[in-house]
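J.: Sharing a model that was predicted from the sequence below.
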Amino acid sequence: MKSIPTLLILKSLERQSTHGYRIAAWINQASEGAIELKEGTLYPLLHNLEDKGLIVGEWQDDGGPRPVRIYHLTDRGRRQLQTERGTWQRYSQGVNLVMGQGGAAHDPV
Amino acid sequence: MTPYDFLEAATASIASNSKASEVRRELYAHFLMKVEELVAEGMDSQQAEARALESLGDPREIADGYRPAFAVNPQSHPSRWYLLAALPLIMAAVATVNRSSYAIVWGVLSTALAGMLAPGKAWQQRATGLFHLLREVPLLWVFGLLGGTAAAIGTATGAGENGVVFLLEFLLPWLGFLFYRWREREFAQKRNAFHLTWVVSTAFLVAGGMVYALVHLNVNPAMAYVSAGPVTTIGVLFLPVSMLALSYVWNWAQSTGLRRFSLAVRRQSKVDS
């Protein structure tokens, strides 16, 4: 599914407005190290989502030595998250159903 | 590689300077946060910088993420649909200007046909119909935006196939036409500009087509498009007009200035001798 990184980014921003580094770190941590969002995917995707109006970014001083670009989820982004979430749930349920099938041979036709 | 080089390479495909500068700033902040994290874990600052840079990966992957899809671009092979759509108009225009240019018309037709027949994976992955393309894909591309290899979307296979089919389809009728002219001995009998332009333009197109195919097969579609792709396509489209113009110029020069000049030179040399 191509939209998994989008879903994860939107989910991360639903939880808390933050910058790219923390988004990647949170996804990695929340997935217990299973998902690592590389910078090559993360930043182009963040800017693409911003262009689509799903998130907005603004430069802020977060208390560190330099300003960082903090991203917030927009209303449109929230609606998109709901859609993506529904799609993902149906998809993952389908995959689980398939994977839960027994390993016996196919029924004879 | 220094952080500066990394940031430059990562943002090489962004056309807008202000956006590129924003992205560089953001990536640099990311890089510094990574360094701080590693230093906090007890790593030496120089080591931490090197490790942080390494962890950012290949900057070309980031650049690929920002590379837009243009009509003449390896990421959007189906762009030749545009050419196909324009074919009736082109053919009508060509036929009006020069009735003997059927081979060129076939060249244009085969170019479009090649684009249709060998779109490869890129077509399968991107296309959702002509209207989608018309809406999503800008018609112009910028030299600076075609940088690294966009292998991630599986362009390589499609580009290679496209190059080979393009070469074969384009060259075969062209060579057949030349063979026909050679058999008719027109080359030997009449050495005027019309035939000279046939030879020169054929050599140009053969070379262009070969570069196009070979470079595509070497999995560097960006370079292929920058060099041979647009050149051959534009060459094919403008060939009838340029050939006609050249032959007019040559005929005019022969009938007027050049001819008189050469006759005068000959007479003078006879007188001298």
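T.: Perfect, thanks for sending it. Bear in mind the structure is a predicted one, so any value in this text is a computation, not a measurement.
J.: ok, now how distant is A:V68 from B:K270?
T.: A:V68 is 88 Å from B:K270, where distance means CB to CB, to the nearest Å. All C-beta atoms are positioned from the backbone trio N, CA, C, and that covers glycine.
J.: neighbour-wise, which of the two wins?
T.: Higher neighbour count among A:V68 and B:K270: A:V68, with 24 against 8, using other CB atoms under 10 Å in any protein chain shown.
J.: what residues are up against the more buried one?
T.: Applying CB atoms under 8 Å, 6 or more residues apart in numbering or on different chains to A:V68 gives the contacts A:H19, A:Y21, A:W59, A:Q60, A:D61, A:D62, B:E26, B:A29, B:M33.
J.: May I see the residues you listed organised as a markdown table, with distance to A:G94 added?
T.: Formatted as a markdown table, these follow (distance: CB to CB, whole Å):
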| residue | distance to A:G94 |
| --- | --- |
| A:H19 | 35 |
| A:Y21 | 34 |
| A:W59 | 42 |
| A:Q60 | 41 |
| A:D61 | 45 |
| A:D62 | 40 |
| B:E26 | 37 |
| B:A29 | 40 |
| B:M33 | 38 |
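J.: Which of those residues are buried, as a PyMOL select command?
T.: This is how PyMOL selects the buried members of the contacts of A:V68, with burial counted by 16 or more other CB atoms under 10 Å in any protein chain shown:
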select buried, (chain A and resi 19+21) or (chain B and resi 26+29+33)
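J.: Can you list which of the contacts of A:V68 are found in strands?
T.: Among the contacts of A:V68, the residues falling in strands (DSSP state E) are A:W59, A:Q60.
J.: so which of the contacts of A:V68 comes closest to A:I4?
T.: A:Y21 (19.8 Å; CB to CB).
J.: Distance check, the closest one against A:W59.
T.: 14 Å.
J.: and what of A:H19?
T.: 10 Å.
J.: before we move on, back to that, nearest to A:N96 among the contacts of A:V68?
T.: A:Y21 (32.5 Å).
J.: Tell me if I'm right that that closest one and B:K34 touch.
T.: Yes. Between A:Y21 and B:K34 a contact is recorded at 7.2 Å, counting by CB atoms under 8 Å.
J.: so where's chain A uncertain?
T.: Residue ranges of chain A with pLDDT under 70: A:1-2, A:62-65, A:103-109.
J.: what does it put close to chain B?
T.: For chain A, the contact set with chain B under CB under 8 Å from any CB of the partner chain comprises A:19-21, A:38-41, A:43-45, A:47, A:64-69.
J.: Go again with 6 Å.
T.: For chain A, the residues in contact with chain B (CB under 6 Å from any CB of the partner chain) are A:G20, A:Y21, A:K38, A:E39, A:G40, A:P44, A:R66, A:V68, A:R69.
J.: Okay, and the last one sits in which element?
T.: A:R69 is part of strand A:68-73 when elements are defined by DSSP states H and E.
J.: Return the set of buried residues in that strand.
T.: Per 16+ other CB under 10 Å, strand A:68-73 contains these buried residues: A:V68, A:R69, A:I70, A:Y71, A:L73.
J.: need the next SSE after it, C-terminal direction.
T.: helix A:75-99.
J.: Run through who's touching that next one.
T.: With CB atoms under 6 Å, 6 or more residues apart in numbering or on different chains as the test, helix A:75-99 has contacts from A:S3, A:L7, A:L10, A:E14, A:G53, A:L54, A:I55.
J.: measure the third one to B:L7 for me?
T.: Read it as A:L10. For A:L10 relative to B:L7 (CB to CB), the value is 27 Å.
J.: tell me which element whatever residue of chain A ends up closest to chain B is part of?
T.: Chain A approaches chain B most closely through A:P44 (2.8 Å), counting by CB to the nearest CB. Using DSSP H and E, A:P44 falls within helix A:39-51.
J.: Which elements pack onto that helix?
T.: Helix A:39-51 makes packing contacts with helix A:20-30, helix B:59-66 when contacts are defined by 3 or more CB pairs under 6 Å, 6 or more residues apart in numbering or on different chains; DSSP states H and E.
J.: Pull out the buried residues from stretch B:39-50.
T.: B:M43, B:A48, B:E49.
J.: Need the contact partners of it.
T.: So stretch B:39-50 is contacted by B:V35, B:L38 (CB under 6 Å, 6+ apart).
J.: Likewise for stretch A:25-36?
T.: By CB under 6 Å, 6+ apart, stretch A:25-36 touches A:L8, A:S12, A:L37.
J.: So the last one: helix, strand or coil?
T.: What it means is A:L37. coil (DSSP: H, G, I helix; E, B strand; the rest coil).
J.: just to revisit the earlier point, which residues are in contact with each of A:H19 and A:W59?
T.: Overlap of the contact sets of A:H19 and A:W59 (by CB under 6 Å, 6+ apart) consists of A:R69.
J.: What count of nearby residues applies to A:N48?
T.: A:N48: 14 neighbours (other CB under 10 Å).
J.: Can you give me the distance of it to A:K11?
T.: 17 Å.
J.: per-residue confidence for B:K19?
T.: You'll see B:K19 listed with a pLDDT of 80.
J.: Just the buried ones from the contacts of helix A:75-99, in PyMOL syntax?
T.: Selection of the buried residues among the contacts of helix A:75-99 in PyMOL, burial being defined by 16+ other CB under 10 Å:
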select buried, chain A and resi 7+10+54+55
